[in-house]
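Novice: I need the structure of the sequence given here:
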Amino acid sequence: MQTWRDRLARRFSATQVLRTVDRAEVLSAGGAAQAWVIARSLCAYARIDCAAVPRRERPSFLALAIRRWAPFPDAVHHVSWSGEQAMVWAWPASALVDPADAEVRPDIVRSTPESIYLGQPAPAGAGLQACVEGFEGRAWREGVLHASMWWPELPALPEWNRFLRGAGLPVQDVVPAPYAVPRQATPWVSHRGPGLGELGRRHGRRLAVAGVAAAAFLVAWQLGALLPLAWREFALQRELATLEPSLGPIIAARESAEQDLARIESLLALRPARSQTDLMANVAQAAPPGAQRITRWQYDAGDGLQVMLDLQQPDPQALVAAYEASPLLESVTVEPGDGPQRLRLRARIAAPEAMP
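Specialist: Have a look, this model is predicted:
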């Protein structure tokens, strides 16, 4: 069971490769993709202080600072952070090619410097770290790699003290013994992945294929959503085409009935309204008890009827109720008249077809 798990892990993990000055050595076998560890002998190091730069502006500021500092025209870099300090390692793009077979471009998914797998950060001070090739001098300040320098051989005391003075540390009487701890499986700093430029350079073909696949998926998804709607519309059109012959007579009969109704309404509109004599008789008959006389009468076929009534006890509600019951009047309203015992009645004459 354990052997099977190991095989699966190797198959789906990247092959680990150590790149030194003159060779590319496989550290652990895995899948076709490769993760390269770049020897310190091929790297340059710089610490960039970003404390004064707003957080959202740091990516562009750091990219510009790395381009200005990097000693390689085609530099590939790795950035790790400790608070506001960016620790940057850079190496030439040619380091990502096997010297034994320069024509082959390996499928590298990640490249990191050897330094981040060696030793542990210190709060302060300086020390020597043995690398796969040569030695790295390290100066620490508050857990940040403040300065770093590489020598192919153990440095002499003057070289060592020159490095210390450059890092702002006091000189020493002897060169310290180097640390020779084995390379760790995980880095001692927070890892930041490669920038967009490096991702594009490494995975340009894959990203292009992924983009085309995503676009094709979106188009297929939209078509998949539209096809059922198109099919339902086609089915409805076919059903309408089938029903159209039987619906023709029904539609024609309805149109004829609507035309007849319009003609009838136009003829009814020609009927004269009730004469004012009939209206006066109806108003007098429908008047409530206590109505003494009509002091004003105004009739207009378009505007309706206005009547001023002289009442012993004016009661607007009773007056409205009495005249709403009249078959000749509608929309009856009452308002104060031109005297304390008078009310003005307003009403519309009912349409001729509604009259008895």
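Novice: show me the shaky parts of this structure.
Specialist: Segments of the chain classed as low confidence (criterion: pLDDT under 70) are 1-12, 102-104, 190-207, 247, 268-274, 292, 301-303, 352-356.
Novice: which residue ranges of it form helices?
Specialist: Ranges of helices in the chain, per DSSP state H, are 2-12, 58-69, 157-166, 196-268, 276-286, 316-324.
Novice: who are the packing partners of the fifth one?
Specialist: Under the contact criterion of 3 or more CB pairs under 8 Å, 6 or more residues apart in numbering; DSSP states H and E, helix 276-286 touches strand 291-300, strand 304-311, helix 316-324. Placement of C-beta: from N, CA and C, glycine included.
Novice: which one of these is the most hemmed in?
Specialist: Between the helices and strands packed on helix 276-286, strand 304-311 has the highest mean count of neighbours, a mean of 19, where neighbours are mean count of other CB atoms under 10 Å.
Novice: strand partners of that one, parallel vs antiparallel please.
Specialist: Strand 304-311 has its sheet partners listed here by DSSP bridges as strand 291-300 (antiparallel), strand 342-349 (antiparallel).
Novice: what's the angle between that strand and helix 316-324?
Specialist: 130 degrees (axes from the mean of the first three to the mean of the last three CA atoms, to 10 degrees).
Novice: what's the angle from strand 304-311 to helix 276-286?
Specialist: Angle, strand 304-311 to helix 276-286, by the same axes, to 10 degrees: 40 degrees.
Novice: tell me how far strand 304-311 lies from the chain's centre.
Specialist: Centroid separation for strand 304-311 versus its chain: 70 Å, with CA atoms, centre = their mean, to the nearest Å.
Novice: not counting that strand itself, show me its contacts.
Specialist: Residues from elsewhere that reach strand 304-311 (CB atoms under 8 Å, 6 or more residues apart in numbering): 279, 283, 287, 290-299, 319, 329, 331, 337-339, 341-349.
Novice: again, only using 7 Å
Specialist: Contacts with strand 304-311, where a contact means CB atoms under 7 Å, 6 or more residues apart in numbering, come from 279, 283, 290-299, 337-338, 341-349.
Novice: stretch 57-64 too?
Specialist: In this structure, residues lying in contact with stretch 57-64 by CB under 7 Å, 6+ apart are Ile48, Cys50, Val53, Val79, Ala86, Gly195.
Novice: of those residues, which pair is most distant in space?
Specialist: Val53 and Gly195 (16.6 Å; CB to CB).
Novice: excluding sequence neighbours, find me the nearest residue to Glu142.
Specialist: Leaving aside its sequence neighbours, Glu142 sits nearest to Pro123 (CB to CB, 6 or more residues apart in numbering; 6.6 Å).
Novice: isn't the one you found right up against His146?
Specialist: No. Applying CB atoms under 7 Å, one finds Pro123 not in contact with His146, separated by 11.4 Å.
Novice: which one's more surrounded, the two?
Specialist: For Pro123 and His146, the more surrounded residue by other CB atoms under 10 Å is His146, and the numbers stand at 18 against 9.
Novice: can you pull the contacts of the more buried one?
Specialist: Counting by CB under 7 Å, 6+ apart, His146 makes contact with Arg47, Ala139, Trp140, Ala167.
Novice: how about Ser331?
Specialist: By CB under 7 Å, 6+ apart, Ser331 lies in contact with Ala347, Arg348.
Novice: go on, Glu159?
Specialist: Trp151.
Novice: again with Asp107
Specialist: Ala32, Ala33, Gln34.
Novice: and the residues you listed, which are buried?
Specialist: Among these, the ones that count as buried by 16 or more other CB atoms under 10 Å are Ala33, Gln34.
Novice: now the contacts of Asp107 in JSON lines, with distance to Phe61?
Specialist: Below are these laid out as JSON lines (distance: CB to CB, whole Å):
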{"residue": "Ala32", "distance to Phe61": "36"}
{"residue": "Ala33", "distance to Phe61": "32"}
{"residue": "Gln34", "distance to Phe61": "31"}
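Novice: picking that back up, for the helices and strands packed on helix 276-286, which one sits closest to Pro92?
Specialist: With CB to CB as the criterion, Pro92 lies closest to strand 304-311 of the helices and strands packed on helix 276-286, at 100.1 Å.
Novice: and the contacts of stretch 57-64, which is closest to Cys131?
Specialist: Val79 (20.2 Å).
Novice: enumerate the beta-bridge partners assigned to the closest one.
Specialist: Val79 has these beta-bridge partners by DSSP bridges: Val88, Arg192.
Novice: this completes my enquiry, with thanks.
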